[in-house]
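Below is the sequence, then the predicted model.
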Amino acid sequence: MRNINEDTITQAVLASITNCKDERFRQVMTSLVQHLHSFAREINLTEDEWFKGIQFLTATGHITDDVRQEFILLSDVLGLSTLVTAQNNIKPEGCTEATVFGPFFVEDAPTYPLGADMANGAGGEPCFVQGKITDPQGIALAGVSMDVWQSDEDGHYDVQLPRTESGHHEHRARGRFISDAHGGYHFRSILAQPYPIPHDGPVGKMLEALGRHPWRPAHLHFMLVAHGFERLITHVFRDQDRYLDSDAVFGVRSTLIADWVRHEAGTAPDGSLVDRPFYTLDYDFVLNPVKASAQP
(Lines give C-alpha, C1' and ligand atoms only; values in the text may rest on other atoms or scores of the structure.)
Protein backbone atom coordinates (compact mmCIF):
# COMPACT_ATOMS: atom_id res chain seq x y z
CA MET A 1 0.00 0.00 0.00
CA ARG A 2 2.24 2.73 -1.34
CA ASN A 3 1.41 6.06 -2.91
CA ILE A 4 -2.02 6.23 -1.29
CA ASN A 5 -4.00 9.34 -2.17
CA GLU A 6 -7.55 10.61 -1.81
CA ASP A 7 -8.68 8.58 -4.79
CA THR A 8 -7.21 5.25 -3.71
CA ILE A 9 -7.44 5.27 0.11
CA THR A 10 -10.95 3.80 0.32
CA GLN A 11 -10.15 0.74 -1.77
CA ALA A 12 -6.88 0.27 0.11
CA VAL A 13 -8.71 0.13 3.44
CA LEU A 14 -11.34 -2.25 2.06
CA ALA A 15 -8.62 -4.51 0.66
CA SER A 16 -7.03 -4.70 4.11
CA ILE A 17 -10.10 -6.35 5.65
CA THR A 18 -10.75 -9.04 3.05
CA ASN A 19 -9.34 -11.72 5.36
CA CYS A 20 -11.85 -10.98 8.12
CA LYS A 21 -13.49 -14.34 8.92
CA ASP A 22 -16.64 -12.83 10.43
CA GLU A 23 -18.77 -12.17 7.36
CA ARG A 24 -21.22 -9.86 9.11
CA PHE A 25 -18.45 -7.85 10.77
CA ARG A 26 -16.71 -7.47 7.40
CA GLN A 27 -19.99 -6.32 5.82
CA VAL A 28 -20.55 -3.75 8.58
CA MET A 29 -17.01 -2.39 8.44
CA THR A 30 -17.00 -2.25 4.64
CA SER A 31 -20.14 -0.11 4.65
CA LEU A 32 -18.87 2.02 7.53
CA VAL A 33 -15.60 2.80 5.75
CA GLN A 34 -17.35 3.58 2.48
CA HIS A 35 -19.84 5.94 4.11
CA LEU A 36 -17.27 7.67 6.31
CA HIS A 37 -15.00 8.30 3.36
CA SER A 38 -17.93 9.49 1.24
CA PHE A 39 -18.94 11.86 4.03
CA ALA A 40 -15.44 13.34 4.25
CA ARG A 41 -15.34 13.79 0.49
CA GLU A 42 -18.84 15.25 0.24
CA ILE A 43 -18.21 18.06 2.71
CA ASN A 44 -14.48 18.38 1.98
CA LEU A 45 -13.69 17.76 5.64
CA THR A 46 -10.76 19.82 6.91
CA GLU A 47 -8.06 18.58 9.27
CA ASP A 48 -9.14 21.11 11.90
CA GLU A 49 -12.78 19.98 11.68
CA TRP A 50 -11.82 16.32 12.02
CA PHE A 51 -9.59 17.10 15.00
CA LYS A 52 -12.53 18.89 16.66
CA GLY A 53 -14.62 15.81 15.95
CA ILE A 54 -12.04 13.62 17.67
CA GLN A 55 -12.00 16.00 20.64
CA PHE A 56 -15.81 15.76 20.82
CA LEU A 57 -15.74 11.95 20.83
CA THR A 58 -12.94 11.96 23.41
CA ALA A 59 -14.96 14.24 25.70
CA THR A 60 -17.98 11.99 25.21
CA GLY A 61 -15.93 9.04 26.39
CA HIS A 62 -14.48 10.90 29.37
CA ILE A 63 -17.89 11.90 30.74
CA THR A 64 -19.36 8.42 30.32
CA ASP A 65 -19.42 6.21 33.43
CA ASP A 66 -21.61 3.57 35.08
CA VAL A 67 -24.32 6.18 35.70
CA ARG A 68 -24.15 8.43 32.67
CA GLN A 69 -23.96 7.04 29.12
CA GLU A 70 -23.15 10.00 26.91
CA PHE A 71 -22.76 7.81 23.81
CA ILE A 72 -26.37 6.65 24.17
CA LEU A 73 -27.41 10.30 24.45
CA LEU A 74 -25.46 11.05 21.29
CA SER A 75 -27.12 8.18 19.45
CA ASP A 76 -30.52 9.31 20.75
CA VAL A 77 -30.29 12.98 19.74
CA LEU A 78 -28.99 12.08 16.28
CA GLY A 79 -32.02 9.87 15.74
CA LEU A 80 -29.89 6.76 15.29
CA SER A 81 -31.39 5.02 18.32
CA THR A 82 -34.90 5.53 16.97
CA LEU A 83 -33.87 4.37 13.48
CA VAL A 84 -32.31 1.15 14.79
CA THR A 85 -35.26 0.55 17.13
CA ALA A 86 -37.81 1.12 14.35
CA GLN A 87 -36.17 -1.14 11.79
CA ASN A 88 -35.69 -3.94 14.32
CA ASN A 89 -39.15 -3.76 15.91
CA ILE A 90 -41.62 -3.92 13.04
CA LYS A 91 -44.75 -5.38 14.62
CA PRO A 92 -48.18 -6.49 13.41
CA GLU A 93 -50.96 -3.94 13.66
CA GLY A 94 -52.39 -3.82 17.15
CA CYS A 95 -49.18 -4.67 18.99
CA THR A 96 -47.68 -2.03 21.25
CA GLU A 97 -44.94 -0.08 19.52
CA ALA A 98 -41.38 0.02 20.77
CA THR A 99 -39.30 3.13 21.27
CA VAL A 100 -35.84 4.12 22.51
CA PHE A 101 -34.32 2.48 25.60
CA GLY A 102 -32.74 5.56 27.09
CA PRO A 103 -29.63 5.69 29.30
CA PHE A 104 -31.17 5.24 32.76
CA PHE A 105 -32.27 1.59 32.92
CA VAL A 106 -30.67 -0.52 35.67
CA GLU A 107 -30.62 -4.30 35.99
CA ASP A 108 -31.19 -4.61 39.73
CA ALA A 109 -34.51 -2.79 40.19
CA PRO A 110 -36.47 -4.04 43.22
CA THR A 111 -39.44 -6.32 42.61
CA TYR A 112 -42.63 -5.04 44.21
CA PRO A 113 -46.01 -6.70 44.71
CA LEU A 114 -48.79 -5.37 42.53
CA GLY A 115 -50.28 -2.22 44.02
CA ALA A 116 -47.07 -1.13 45.73
CA ASP A 117 -45.75 2.43 45.63
CA MET A 118 -42.57 2.35 43.57
CA ALA A 119 -41.94 6.08 44.11
CA ASN A 120 -40.18 5.19 47.38
CA GLY A 121 -39.99 8.83 48.40
CA ALA A 122 -39.37 10.40 44.98
CA GLY A 123 -40.95 13.84 44.74
CA GLY A 124 -44.10 14.28 42.68
CA GLU A 125 -47.87 14.25 42.66
CA PRO A 126 -49.42 10.84 43.34
CA CYS A 127 -50.24 8.75 40.30
CA PHE A 128 -51.97 5.37 40.06
CA VAL A 129 -51.20 3.25 37.00
CA GLN A 130 -53.06 0.18 35.85
CA GLY A 131 -53.78 -1.87 32.75
CA LYS A 132 -53.73 -5.27 31.13
CA ILE A 133 -51.18 -7.23 29.12
CA THR A 134 -52.43 -9.48 26.31
CA ASP A 135 -51.41 -11.17 23.10
CA PRO A 136 -52.77 -9.90 19.75
CA GLN A 137 -55.89 -12.05 20.16
CA GLY A 138 -56.70 -10.45 23.49
CA ILE A 139 -55.65 -13.44 25.58
CA ALA A 140 -54.39 -12.31 28.96
CA LEU A 141 -50.71 -12.89 29.71
CA ALA A 142 -49.94 -13.86 33.28
CA GLY A 143 -46.48 -13.73 34.81
CA VAL A 144 -45.12 -10.98 32.56
CA SER A 145 -42.11 -9.21 34.05
CA MET A 146 -42.60 -5.44 33.81
CA ASP A 147 -39.80 -3.03 34.63
CA VAL A 148 -40.94 0.57 35.12
CA TRP A 149 -38.77 3.64 35.65
CA GLN A 150 -39.18 7.41 35.49
CA SER A 151 -37.76 10.71 36.65
CA ASP A 152 -38.93 12.60 39.72
CA GLU A 153 -40.72 15.96 39.60
CA ASP A 154 -37.38 17.75 39.22
CA GLY A 155 -36.45 15.72 36.15
CA HIS A 156 -33.89 13.49 37.86
CA TYR A 157 -33.66 9.71 37.75
CA ASP A 158 -32.51 7.97 40.91
CA VAL A 159 -29.13 7.08 39.38
CA GLN A 160 -28.45 10.78 38.81
CA LEU A 161 -28.78 11.56 42.51
CA PRO A 162 -25.96 11.27 45.09
CA ARG A 163 -25.11 7.77 46.24
CA THR A 164 -25.87 6.54 49.76
CA GLU A 165 -23.14 6.09 52.38
CA SER A 166 -22.75 2.49 51.19
CA GLY A 167 -21.86 3.76 47.73
CA HIS A 168 -25.10 2.68 46.08
CA HIS A 169 -28.04 4.53 44.59
CA GLU A 170 -31.34 4.30 46.42
CA HIS A 171 -33.98 3.05 43.98
CA ARG A 172 -36.75 5.59 43.60
CA ALA A 173 -39.48 5.82 40.96
CA ARG A 174 -38.24 2.49 39.66
CA GLY A 175 -39.43 -1.07 40.14
CA ARG A 176 -40.40 -4.42 38.68
CA PHE A 177 -43.87 -5.94 38.77
CA ILE A 178 -45.32 -9.28 37.64
CA SER A 179 -48.71 -9.39 35.91
CA ASP A 180 -51.45 -11.37 37.67
CA ALA A 181 -53.42 -14.38 36.45
CA HIS A 182 -55.66 -12.09 34.38
CA GLY A 183 -52.77 -10.21 32.78
CA GLY A 184 -53.43 -7.22 34.98
CA TYR A 185 -50.96 -4.87 36.60
CA HIS A 186 -51.34 -1.88 38.89
CA PHE A 187 -49.02 0.22 40.99
CA ARG A 188 -48.60 3.65 42.53
CA SER A 189 -45.95 6.15 41.54
CA ILE A 190 -45.71 9.86 40.78
CA LEU A 191 -46.94 12.01 37.92
CA ALA A 192 -44.60 11.98 34.92
CA GLN A 193 -43.11 15.38 34.11
CA PRO A 194 -41.09 16.70 31.14
CA TYR A 195 -37.37 16.97 31.76
CA PRO A 196 -34.18 17.84 29.89
CA ILE A 197 -31.69 15.13 29.01
CA PRO A 198 -28.29 15.78 30.60
CA HIS A 199 -26.97 18.73 28.63
CA ASP A 200 -23.94 19.87 30.61
CA GLY A 201 -21.59 17.73 28.50
CA PRO A 202 -20.50 17.47 24.87
CA VAL A 203 -23.92 16.36 23.62
CA GLY A 204 -25.57 19.34 25.30
CA LYS A 205 -23.04 21.70 23.73
CA MET A 206 -23.76 20.15 20.34
CA LEU A 207 -27.51 20.66 20.78
CA GLU A 208 -26.97 24.30 21.74
CA ALA A 209 -24.79 24.88 18.69
CA LEU A 210 -27.50 23.32 16.52
CA GLY A 211 -30.21 25.54 18.02
CA ARG A 212 -32.01 22.56 19.57
CA HIS A 213 -33.48 22.16 23.06
CA PRO A 214 -32.71 19.16 25.32
CA TRP A 215 -36.26 18.50 26.57
CA ARG A 216 -38.22 15.25 26.59
CA PRO A 217 -42.01 15.09 27.01
CA ALA A 218 -43.37 13.52 30.20
CA HIS A 219 -43.35 9.72 30.08
CA LEU A 220 -42.99 6.42 31.88
CA HIS A 221 -40.47 3.84 30.71
CA PHE A 222 -41.56 0.20 30.43
CA MET A 223 -39.79 -3.03 29.61
CA LEU A 224 -41.98 -6.15 29.35
CA VAL A 225 -40.54 -9.67 29.16
CA ALA A 226 -42.62 -12.83 28.69
CA HIS A 227 -41.68 -16.30 27.45
CA GLY A 228 -42.72 -16.82 23.84
CA PHE A 229 -43.03 -13.10 23.11
CA GLU A 230 -40.72 -10.39 21.85
CA ARG A 231 -39.27 -8.21 24.58
CA LEU A 232 -40.97 -4.82 24.52
CA ILE A 233 -39.09 -1.64 25.43
CA THR A 234 -41.31 1.40 25.22
CA HIS A 235 -42.61 4.60 26.82
CA VAL A 236 -46.09 5.85 27.59
CA PHE A 237 -46.27 9.61 27.02
CA ARG A 238 -48.49 12.13 28.76
CA ASP A 239 -51.00 13.74 26.43
CA GLN A 240 -50.95 17.53 25.95
CA ASP A 241 -47.25 17.79 26.82
CA ARG A 242 -45.62 20.75 25.10
CA TYR A 243 -42.67 18.66 23.90
CA LEU A 244 -44.56 15.81 22.20
CA ASP A 245 -43.74 17.27 18.78
CA SER A 246 -40.13 18.14 19.54
CA ASP A 247 -38.81 15.29 21.70
CA ALA A 248 -35.03 15.69 21.87
CA VAL A 249 -34.53 11.98 21.19
CA PHE A 250 -37.36 11.47 18.65
CA GLY A 251 -39.05 8.76 20.72
CA VAL A 252 -42.74 9.73 20.50
CA ARG A 253 -45.32 7.52 18.76
CA SER A 254 -48.97 8.56 18.58
CA THR A 255 -50.07 5.13 19.83
CA LEU A 256 -47.98 5.61 22.97
CA ILE A 257 -49.66 8.85 24.04
CA ALA A 258 -52.21 8.48 26.83
CA ASP A 259 -54.30 10.67 29.10
CA TRP A 260 -53.30 11.13 32.73
CA VAL A 261 -56.63 11.92 34.43
CA ARG A 262 -56.58 14.39 37.30
CA HIS A 263 -58.75 13.72 40.37
CA GLU A 264 -59.44 15.80 43.44
CA ALA A 265 -58.35 14.53 46.84
CA GLY A 266 -60.33 11.48 47.89
CA THR A 267 -60.45 7.74 47.39
CA ALA A 268 -57.82 6.37 45.01
CA PRO A 269 -58.28 3.32 42.73
CA ASP A 270 -56.62 1.09 45.32
CA GLY A 271 -59.10 2.19 47.99
CA SER A 272 -56.67 4.38 49.89
CA LEU A 273 -57.47 7.95 50.86
CA VAL A 274 -55.31 10.61 49.21
CA ASP A 275 -55.31 14.03 50.85
CA ARG A 276 -54.32 15.96 47.72
CA PRO A 277 -55.12 15.83 44.00
CA PHE A 278 -53.86 12.72 42.25
CA TYR A 279 -53.72 11.26 38.75
CA THR A 280 -54.63 7.96 37.13
CA LEU A 281 -53.28 6.30 34.00
CA ASP A 282 -54.86 3.30 32.27
CA TYR A 283 -52.78 1.68 29.56
CA ASP A 284 -52.93 -1.80 28.00
CA PHE A 285 -49.99 -3.54 26.35
CA VAL A 286 -50.16 -6.03 23.49
CA LEU A 287 -47.08 -8.23 23.05
CA ASN A 288 -45.95 -9.72 19.76
CA PRO A 289 -45.37 -13.52 19.76
CA VAL A 290 -41.92 -14.76 18.80
CA LYS A 291 -41.98 -16.79 15.61
CA ALA A 292 -41.67 -20.51 16.29
CA SER A 293 -38.38 -20.70 14.40
CA ALA A 294 -36.92 -17.93 16.58
CA GLN A 295 -37.81 -19.47 19.95
CA PRO A 296 -35.06 -21.28 21.89
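Structure's in. What do you need?

So which bits of stretch 37-54 are buried?
By 16 or more other Cβ atoms under 10 Å, the buried positions in stretch 37-54 come out as 37, 40. To be clear about C-beta, it is placed using only N, CA and C from the backbone, and glycine gets the same treatment.

start to end distance for it?
Taking Cα to Cα, to the nearest Å, stretch 37-54 runs 16 Å from one end to the other.

what's the average pLDDT for that stretch?
Computed over stretch 37-54, the mean pLDDT rounds to 97.

How far off centre is that stretch?
30 Å (Cα atoms, centre = their mean, to the nearest Å).

now residue 90: how far from residue 255?
14 Å (Cβ to Cβ, to the nearest Å).

These two: which is more packed in?
Legend: neighbour count by other Cβ atoms under 10 Å for residue 90 and residue 255, higher for residue 255 (13 against 10).

what sits up against stretch 6-14?
1, 4, 30, 33-34, 37, 41 (Cβ atoms under 8 Å, 6 or more residues apart in numbering).

got TSV for those residues, with distance to residue 98 and secondary structure too?
Formatted as TSV, the contacts of stretch 6-14 follow (distance: Cβ to Cβ, whole Å; DSSP: H, G, I helix; E, B strand; the rest coil):
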residue	distance to residue 98	secondary structure
1	44	coil
4	44	coil
30	29	helix
33	30	helix
34	29	helix
37	33	helix
41	35	helix
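
Of these, which count as buried by neighbour count?
By 16+ other Cβ under 10 Å, the contacts of stretch 6-14 give 33, 37 as buried.

what residue is smack in the middle of this protein?
residue 101 (2.2 Å; Cα atoms, centre = their mean).

Return the residues in contact with that one.
If you count contacts by Cβ under 8 Å, 6+ apart, then residue 101 has 72, 81, 85, 233 around it.

quick one: it is in a helix?
No. Per DSSP: H, G, I helix; E, B strand; the rest coil, residue 101 lies outside any helix segment and is coil.
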